[in-house]
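>>> okay, sequence plus prediction incoming.
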Amino acid sequence: MIYIIWGIVFVLGIWVISTYNGLTALRLRIQNAWRQIDVQLKRRYDLIPNLVETVKGYMQYEQDTLQKVIDARSQAMAAKGVKESAEAQTALTQSLGKVFALMENYPELKASKNVSDLQEELTTTENQIAFARQYYNDLVTQYNTKQQVFPSNMLAGLFGFKPSEFFEVAEAEKTLPRVNLSLTR
């Protein structure tokens, strides 16, 4: 009888250790994924002043738009936490989108190799941010799920594990642009 009790205690102990370590590992992976997003955001922040400086001479009548990009960049760099950062990134993306849309009105700007190279780098960086954000949100889903399912939810509460925030995209970024490919106008 004593062996059965020791066996149950042993199995229970292994389960507690395994669950705790699993939650801790997921929390650390989330922190690492967030740092990977930070790396990509830093690259984005470094590219934006180059873009603004390059197009400034061409877009003399668009200085207000360029200033909004600079301001949005500053706010994004100062953002703390996942939610605030996500909101700031949305504002920055929208202001950059306006610059790219205005650039269409300047043929000499579109023809500039420097501008096209910067656009390409920013596009690549945006894609890397999207992939990093997806990976981060996948980890958050795993972590939050593990905290909410029985029986690991008992240990999560006991050891003070808290749900993580998703890096959510604003609705404006989710909507797809409308493209008209018809030949009639």
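Received it, and whenever you're ready, just let me know what you need. Numbers count the residues shown, from 1 in each chain.
>>> can we go C-alpha only for contacts and neighbour counts from here?
Fine.
>>> ok, and what's touching the strand or helix carrying Glu87?
Element membership of Glu87 [criterion: DSSP states H and E] is helix 82-103. Taking CA atoms under 8 Å, 6 or more residues apart in numbering as the criterion, the residues outside helix 82-103 that touch it are 59, 65-66, 68-69, 72-73, 75-76, 79, 109-110, 165-170, 173.
>>> please apply the same query to stretch 114-132.
By CA under 8 Å, 6+ apart, the list of residues contacting stretch 114-132 from outside reads 33, 36-37, 40-41, 43-44, 47, 50-51, 54-55, 109-110.
>>> how about the helices in this structure?
Read by DSSP state H, the chain holds these helices, from start to end of the chain: 2-56, 63-78, 82-103, 107-110, 113-148, 152-158, 171-174.
>>> now render the ones you listed as CSV, adding mean pLDDT and mean neighbour count.
Output for those, formatted as CSV (pLDDT from 0 to 100; neighbours: other CA atoms under 10 Å):
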stretch, mean pLDDT, mean neighbour count
helix 2-56, 92, 15
helix 63-78, 89, 17
helix 82-103, 88, 18
helix 107-110, 77, 14
helix 113-148, 91, 17
helix 152-158, 89, 15
helix 171-174, 50, 10
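>>> check contacts around Arg35.
Arg35 makes contact with no residue under the criterion CA under 8 Å, 6+ apart.
>>> any idea how far it lies from Gly13?
Distance check for Arg35 against Gly13: by CA to CA, to the nearest Å, it reads 33 Å.
>>> so who does Met77 touch?
Neighbour list for Met77: Tyr45 [criterion: CA under 8 Å, 6+ apart].
>>> for Gly22, see how far away it is.
With CA to CA as the criterion, Met77 and Gly22 are 32 Å apart.
>>> out of everything not next to it in sequence, what's closest to Lys146?
Counting by CA to CA, 6 or more residues apart in numbering, Lys146 lies nearest to Ser152, which is 6.4 Å off, once chain neighbours are set aside.
>>> tell me the spacing between the residue nearest the centre of the chain and Glu120.
Computing the C-alpha centroid of the chain and ranking residues by CA atoms, centre = their mean puts Arg133 first, at 3.9 Å. When distance is defined by CA to CA, Arg133 is 20 Å away from Glu120.
>>> repeat for Leu23
Summarising the geometry, the distance separating Leu23 from Glu120, computed by CA to CA, is 39 Å.
>>> now swap in Ile30 and tell me
Ile30 sits 29 Å away from Glu120, going by CA to CA.
>>> then Ala25?
Relative to Glu120, Ala25 is positioned 36 Å away (criterion: CA to CA).
>>> now Ser85
For Ser85, the distance to Glu120 (CA to CA) stands at 24 Å.
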